[in-house]
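Peer 1: Turn this into a model:
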Amino acid sequence: MLNPHGRIRITYVITRAETGGSQMHVIDLLEGFRSEADLDLVTGEEGPLTARARALRIPVRVLPELVQPISPRNDLRAASSLIGHLRIRRPDLVHAHTSKAGILSRAAAAVTNVPAVFTAHTWAFAEGTSVMWKLVGLPSERLAARFTDCIINVSEANRRLAASSGIDKAKLSVTVHNGIRDTSYRAHAGEPVACPQIVTVGRFVKQKDQQLLVQAMMKINRPYRLVFVGEGPTREVAEAEVARAGLQSQVVFAGDSREVEQILSQSHIFVLPSRWEGFPITILEAMRAGLPVIASDVGGVREAVVDRHTGFLVRPGVVSDLQQHIDSLLQSSALRGALGSNGRQRFVKMFTHDRMLDSIRKIYHQIWTGKPLSALHNLEHAEVFQPKSHINMQS
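Peer 2: Numbering: from 1, shown residues only. Alright, predicted model coming up:
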């Protein structure tokens, strides 16, 4: 329990209520702590997140002025609304997610003398953010850190980026890896099949670089079936690339799906060719299913994927890397099975939902009881070191 003598009051704040990794993480926190704490949620819009919160009977407040784009007028109104909300709600702490909500919530918490926690799913000045956010984000984050009791980074790469960027004025900055619930769906990656299935899950946007995967598949002559799960603005470009290569009979565009677990369990290889990442939950889902993972060595990906032990890390944007490792896994069912089994074991050890909640629970408890947070330093990242044993590539 968070506290044996009473119920802590926590306000969660996030800008968007869409279906996304950050929003799914907030849902996990709402579900995980609702029996131990009095929770409420503040967002800038209605969406799947607010619907889920209401289904859990958690109070929701929507502030339309809490928008993602930089807007001085809206930002001032949002900050004022957050200050008013905290004065009425009087929470014991605020836990903010995503950059805009994080900056404004911590400012409001400072004004109302409420302890503040911020989870950095990715930093506003990291690769892939707009030029405006890079210009404004870094000084804003440095200032906001001064009013933060704890910064939770979802990867050690995130924590190091923050430290090297001068965001070191928070009382504590720790790494707590994302964790997800286990399921009963399991892949049979090592099953000898005539036509192995490759799957990638993610929005069709520049970041995910699905076109690179299509280009890699053009050079592979072995039988395969490739499934794209997701929607987005670059889907049409990828579809045109598939048509030009004459791969329509081997490639499936499944769109957004609520059956990702089932699709993963029917697959044999997972690929994520992103140009940049924070700490992608889709990789954890693939490891949970027992799939070997081929992913770009960006952000915190190597903290989940152990090269040559649970899968392969590839250079972002290098089609030959993707082609080589996909081809080797298509060729060897034994290799697929070994890497997938190792990935499943690593998931169980490091990336479960309960493990993540336990780590965050400790942070909440320390802040609420006024105990020093220094004992929580390096909460998790000491365990991300890569295993010494690797799969024999000749197997």
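
Peer 1: all strands of this protein, in order?
Peer 2: Secondary structure of the chain (DSSP state E): strands located at 8-14, 37-43, 60-62, 93-97, 116-120, 150-153, 173-175, 197-201, 225-229, 251-255, 269-272, 293-296, 311-314.

Peer 1: Could I get the buried residue list for the one helix or strand in the chain whose mean pLDDT sits lowest?
Peer 2: Lowest on mean pLDDT, DSSP states H and E among the helices and strands of the chain sits helix 131-145, with a mean of 82. Residues of helix 131-145 classed as buried: 133, 136-138, 140-142, 144-145 (neighbour count, 16 or more other Cβ atoms under 10 Å). Where you see a C-beta, it was placed from the backbone N, CA and C, and this is true even at glycine.

Peer 1: distance of residue 341 from residue 34?
Peer 2: Using Cβ to Cβ, to the nearest Å, residue 341 is found at 35 Å from residue 34.

Peer 1: go on, residue 219?
Peer 2: Residue 219 sits 50 Å away from residue 34, going by Cβ to Cβ.

Peer 1: so which two of the buried residues of helix 131-145 are the farthest from each other?
Peer 2: Greatest spacing in those, by Cβ to Cβ: 133 and 145 (16.5 Å).

Peer 1: I'd like to know how far residue 67 sits from residue 104.
Peer 2: 11 Å.

Peer 1: Looking at the two, which one has more neighbours?
Peer 2: Legend: neighbour count by other Cβ atoms under 10 Å for residue 67 and residue 104, higher for residue 104 (27 against 17).

Peer 1: Go ahead and confirm that one touches residue 81.
Peer 2: No: contact between residue 104 and residue 81 fails when scored by Cβ atoms under 8 Å: they sit 9.2 Å apart.

Peer 1: Overlap in contacts, those two.
Peer 2: By Cβ atoms under 8 Å, 6 or more residues apart in numbering, residue 104 and residue 81 have these common neighbours: residue 66.

Peer 1: now the helices for the chain?
Peer 2: 21-33, 48-55, 72-89, 99-112, 131-145, 156-164, 210-218, 235-245, 260-265, 281-289, 319-331, 333-350, 353-369 (DSSP state H).

Peer 1: and the fourth one, what other elements does it pack with?
Peer 2: Helix 99-112 makes packing contacts with strand 8-14, helix 72-89, strand 93-97, strand 116-120, helix 131-145 when contacts are defined by 3 or more Cβ pairs under 8 Å, 6 or more residues apart in numbering; DSSP states H and E.

Peer 1: Residue 240: how many residues sit nearby?
Peer 2: For residue 240, using other Cβ under 10 Å, the count is 12.

Peer 1: Check what pLDDT it gets.
Peer 2: Residue 240 is assigned a predicted lDDT (pLDDT) of 97.

Peer 1: Ok, the one 5 residues further on next?
Peer 2: At residue 245, the predicted lDDT confidence score is 94.
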